[in-house]
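Enquirer: Just to be clear, the model below is a prediction. Sequence and coordinates:
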Amino acid sequence: MGASPKDIYSVDYGAHPYFRIAGRPIFLQQVTANALDTIEAEQSGTAEGDKGDAGSEVQVEHTERTSLVVWDCSLVLAKYLEYQRQAIPLHAKRVLELGSGQGIVGIAAALLGAQVTLTDVAFAIPALTSVVRLNNLSPVPGSRLAPSDTAGCVTHVRPLDWLHRDDFIHSLESPFDYILASDVVWVDWLIEPLVATIADILQQSHILDADVHTVAYLCHQTRSTRGDERLFKQLELHGLTYQTVDFNSMEPTFRKPGLINIFRVTRAIADKSP
Ligand SMILES: C[S@@+](CC[C@H](N)C(=O)[O-])C[C@H]1O[C@@H](n2cnc3c(N)ncnc32)[C@H](O)[C@@H]1O
């Protein structure tokens, strides 16, 4: 039942057969070889960006299936959070992951002590729910949902479709201290809805609690200069500011200079939190 991303990311985990965070292995659902072949074929046709009508049924189906794979960015971001656990303390912090896929980043945050909500399109929710169970991260039944009581747990697994964000955002357990997202910028037509979703959640958290200065960490693999430029433009248009995390602050084995970046995104106002 358990699986590791070892075959996907070309690093040596040393004596450990599994990807570990805070010393604990993360277990994943086994995805069939057939499913992986299909995704690979589909990705090769869409990765460069706009190749058809934005939001067409075929494209939506393709993007949903990407949730079945563990992408390199998720390992890079998970290991960054572990490596920077002193500078970015997650214990009892409220964390929301967008486009969770197999949930590696959110699960890593929970293993580092956060109270986590995982989100993705409806298609991905059953697998995400199973992964949470597999890793034994559900809260003890009956526990209060205060972050201090459910630190280290995935408290919610929710559908959140960026294309219809207004239908979903109001039911989130805002405010959040952190938003995490890995490899969520790979097709141009999803960039605007994704950034709008991040902006809305940052704003909602701040409206609910003016003392909360939510920080989003976006782990991004460059696939085209045009895609990167669109991302930066959309961040600016939505009143967000970003800083690129220094490569030297990333876990040395899990970084790909020049290809994978981590952006720290906040509302474009003075913000001193980690
Ligand atoms: C390339 S995968 C990355 C998955 C995971 N974060 C990782 O790094 O392994 C993109 C993710 O975005 C999700 N996604 C695609 N379209 C979406 C949408 N409209 N709203 C929310 N999530 C979406 C997919 O289901 C998938 O999980």
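Expert: Perfect, I can see it now.
Enquirer: From here on, just use CA atoms for contacts and neighbour counts.
Expert: Fine.
Enquirer: Return the residues of the chain in contact with the ligand.
Expert: Residues of the chain that fall close to the ligand, judged by Cα under 6 Å from any ligand atom: 63-64, 66-67, 69-71, 73-74, 99-101, 120-121, 124, 160-163, 181-184.
Enquirer: Out of the residues you listed, list just those in strands.
Expert: Members of the residues of the chain next to the ligand lying in strands (criterion: DSSP state E): 120, 181, 182.
Enquirer: still on that earlier bit, please pick the buried ones from the residues of the chain next to the ligand.
Expert: Buried members of those, scored by 16 or more other Cα atoms under 10 Å, are 63-64, 66-67, 69-71, 73-74, 99-101, 120-121, 124, 160-163, 181-184.
Enquirer: for this structure, which spans come out with low pLDDT?
Expert: Scanning the chain for pLDDT under 70 picks out the ranges 1-16, 30-64, 270-274.
Enquirer: Please, where are all the strands along it?
Expert: Assigned by DSSP E, the strands in the chain fall at 20-21, 24-25, 94-98, 115-120, 153-159, 178-182, 215-221, 240-244, 260-267.
Enquirer: Contacts only, for the closest residue to the ligand within the stretch 151-274 of the chain.
Expert: Relative to the ligand, the nearest point of the stretch 151-274 of the chain is residue 161 (3.4 Å; Cα to the nearest ligand atom). Residue 161 makes contact with 120, 121, 122, 168, according to Cα atoms under 8 Å, 6 or more residues apart in numbering.
Enquirer: And for the spatially closest residue to residue 267 that is not a sequence neighbour, the neighbour number?
Expert: Nearest residue to residue 267 in three dimensions, chain neighbours excluded: residue 240, at 4.5 Å (Cα to Cα, 6 or more residues apart in numbering). Residue 240: 20 surrounding residues under other Cα atoms under 10 Å.
Enquirer: can you check residue 102 too?
Expert: Using other Cα under 10 Å, residue 102 has 28 other residues around it.
Enquirer: again with residue 135
Expert: If we define neighbours as other Cα under 10 Å, then residue 135 has 17 of them.
Enquirer: Ignoring the adjacent residues along the chain, who's closest to residue 175?
Expert: residue 205 (4.0 Å).
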